[in-house]
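[1] have a look at this prediction, sequence included:
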Amino acid sequence: MGLPIVRSVAELRAQVRLWRGAGDRIGLVPTMGALHEGHLSLVRAARGRADRVIVTLFVNPRQFNSAEDLRLYPRSEAEDAARLETEGVDLLFAPGVEAMYPEGFSTTVSVKGVSEGLCGAHRPGHFDGVATVVAKLFLQSQADIAVFGEKDYQQLAVIRRMAQDLDIPIEIIGASTVRAADGLALSSRNARLSPEGRSRAVALITALTAAADQLTGGAEAEPILAAARRSILEGGFGEVEYLELRDAADLAPVQRVDRSAARLLVAAWIDGVRLIDNVPVWPGPEA
Ligand SMILES: Nc1ncnc2c1ncn2[C@@H]1O[C@H](COP(=O)(O)OP(=O)(O)OP(=O)(O)O)[C@@H](O)[C@H]1O
Ligand SMILES: CC(C)(CO)[C@@H](O)C(=O)[O-]
Ligand code: BAL
């Protein structure tokens, strides 16, 4: 029969009404397309928890702080739809910009606290764009659950806060990061790396995991982070935008991991491509 693709909120709502009437539980997987195994892992997580799965594909201009990044963002809707059909997805919602932001659109959802620093500091307006579009997708789909990747860890924290603050009745599921065989986190932007950049990009996760091991149990973060930063640059990255240790729940800065779980987060540039990644850091067995 093929995967139904709808482009208007009215069509989406009509389908959701039928499913809700039948008592189905609805799962949502928001994406910007150019799908890879990371996205498909979110789809599988949603399928395990819901009767119907909606994937959304919308390259959201409001979350791009660089026109060049928006222009270069990979787009492959036909291939994406074919992969989603194989995964047994029930509906692809792929609206155009005018359907999401019609003439006169004037609202911004802005989340303080967790959206500050890290990517928030380096991509001005990015999380306002994410929070606004995700709030719309939640309300348009009326889904019961939504799945997001931990690869975009700060984004996940922003979305959890936004849904809680706005009393949107949806359960947010965080799914662990899917990696290539060498450890690089899968990302749509990896497609923009040269073959040499791609093979050197592994320096990011190598440095993160080494630093996380040393931080486990409460060692002072500063010298460990400085060494990790050096090894990322020596590994072939041109710039480390940030490398920070934060509390895993509220993303407050952390000097050492001696009480609760933390997260080590990085953004770095290689080949003119900005890659992000993060790993957990645990207080250790004696904490
Ligand atoms: N490697 C991955 N493992 C698990 N989830 C992922 C992975 N990469 C992306 N996701 C998740 O997929 C969803 C859609 O992300 P998106 O379409 O931006 O893909 P992406 O690969 O992160 O692209 P990019 O970072 O280049 O924009 C988000 O919830 C994101 O966290
Ligand atoms: C959540 C999201 C689909 C909102 O546009 C996007 O930020 C993404 O792909 O991670
Ligand atoms: N994966 C998060 C979306 C973005 O980079 O804009």
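    Sure, I can see it. Not measured: the values here are computed from a predicted model. Ligands and ions are numbered 1, 2, ... in the order given.
[2] quick check, pLDDT for the residue nearest to Val266 when sequence neighbours are not counted.
    Nearest in space to Val266, with sequence neighbours left out and distances taken as CB to CB, 6 or more residues apart in numbering, is Leu243 at 4.7 Å. C-beta: built from backbone N, CA, C; applies to glycine. The per-residue pLDDT reported for Leu243 equals 98.
[3] in the helix or strand hosting Leu243, what counts as buried?
    Element membership of Leu243, judged by DSSP states H and E, is strand 239-247. For strand 239-247, the neighbour count (16 or more other CB atoms under 10 Å) marks 240-241, 243-246 as buried.
[4] whatever residue of the stretch 101-250 of the chain ends up closest to ligand 1: neighbour count?
    Here the stretch 101-250 of the chain gets closest to ligand 1 at one residue, Gly149, 2.3 Å apart by CB to the nearest ligand atom. Neighbour count of Gly149, defined by other CB atoms under 10 Å: 23.
[5] isn't it up against Leu42?
    Yes: using CB atoms under 8 Å, Gly149 is in contact with Leu42, at 6.1 Å.
[6] tell me, what's touching the two both at once?
    Ala175 (CB atoms under 8 Å, 6 or more residues apart in numbering).
[7] what's the pLDDT at Phe148?
    Here the pLDDT value assigned to Phe148 is 99.
[8] what do you get for the one 5 residues further on?
    Per-residue confidence for Tyr153 comes out at a pLDDT of 98.
[9] how about the strand holding Leu243 and ligand 3, touching?
    No: figure legend: strand 239-247 not in contact with ligand 3 (CB under 6 Å from any ligand atom); closest approach 13.0 Å.
[10] how many other residues sit next to the nearest residue to Ile26 once chain neighbours are set aside?
    Nearest non-adjacent residue to Ile26, counting by CB to CB, 6+ apart: Ala143, 4.5 Å away. Counted with other CB under 10 Å, the neighbours of Ala143 add up to 27.
[11] and what of the one 4 residues further on?
    By other CB under 10 Å, 27 other residues sit near Val147.
[12] return the one helix or strand it maps to as PDB; C-alpha atoms alone will do.
    For Val147, the host element (DSSP H and E) is strand 145-149. The C-alpha trace of strand 145-149 is given here as PDB (Å, rounded to 0.1, in the frame of the first residue of the first chain):
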ATOM      1  CA  ILE A 145       5.000   9.300  23.500                       C
ATOM      2  CA  ALA A 146       7.900  10.800  21.600                       C
ATOM      3  CA  VAL A 147      11.400   9.500  21.100                       C
ATOM      4  CA  PHE A 148      14.600  11.600  20.800                       C
ATOM      5  CA  GLY A 149      18.200  10.600  20.600                       C
END
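[13] next secondary structure element downstream of it?
    helix 153-165.
[14] next, the residues that contact that following helix from outside, please.
    Contact with helix 153-165 is made by 109, 111, 113-115, 118-120, 127, 130-131, 134-135, 138, 146, 148-150, 168, 170, 172, 174, 250-251, 263, 265, 278, as judged by CB under 8 Å, 6+ apart.
[15] and it with strand 145-149, angle?
    With axes from the mean of the first three to the mean of the last three CA atoms, to 10 degrees defining the directions, helix 153-165 sits at 160 degrees from strand 145-149.
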